[in-house]
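> Have a look at this prediction, sequence included:
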Amino acid sequence: MASRAGKEHRGDMTSSDVSNRETSQLAVASSTLGPWRTAGAVGLIGGGAALGVDLITLHWSLSVLAGPASIALFLFFLVGGIGSVVGGKGDRRLRRWAAEHPWQTAAVPAVGLAVTNTLTQFFLSSSGVFASIFTGLWHAAVLGVVIGVVGSVTAGRRKR
């Protein structure tokens, strides 16, 4: 009991001290610490460049916006998600939690990408419901793995 009280006093959180609901809330809170304005700019630039390439190469179709929008969303969540597990600004305790739990922190932008990319594919392309869901899920899986690996490697280097 005394060791637990000491941990609470210092502000340290262990896995046994945090419920599943609190873990979810910490993951969302950690994700908000990412550089989301920068991520928005990178997403707009990447999506705009992809749209420009499609227009220049005359790849016009009914779904000309689906690909660039998908790229923009991926870049947005990638930059913001990596910044949330690697960045150094914000609440020190949330940063430490995010560094110790990079996969849980990575799940938040991955879910965001899955939802927004599924909707984008469904409404802006000729894909059906299942194809849109599949596209959204596999893009989110790639994003989650990239952010999780970057967070894990960074956390491992910080410990050394």
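Arrived safely, thanks for sending.
> Leu58 in helix, strand or coil?
In three-state terms, and counting by DSSP: H, G, I helix; E, B strand; the rest coil, Leu58 is coil.
> quick one, phi psi at it?
phi 60, psi 30 (degrees, to the nearest 10).
> what does Thr57 give?
Dihedral angles (degrees, to the nearest 10) for Thr57: phi -90, psi 10.
> Next one, pLDDT for it please.
Note for Thr57: predicted pLDDT of 86.
> show me what contacts Ala50?
Applying CB atoms under 8 Å, 6 or more residues apart in numbering to Ala50 gives the contacts 67-68, 71-72. (Glycine included, C-beta is placed from N, CA and C.)
> per-residue confidence at the residue at minimal distance from the centre of the chain?
The residue lying closest to the centre of the chain (CA atoms, centre = their mean) is Pro109, at 2.5 Å. Per-residue pLDDT puts Pro109 at 95.
> Would you confirm that it contacts Val85?
No - using CB atoms under 8 Å, Pro109 makes no contact with Val85, being 9.6 Å away.
> Enumerate the positions of the helix ranked longest in the chain that are buried.
Assignment by DSSP state H gives helix 129-159 as the longest helix of the chain. For helix 129-159, the neighbour count (16 or more other CB atoms under 10 Å) marks 132-133, 135-136, 139-140, 143-144, 146-148, 150-151, 154-155 as buried.
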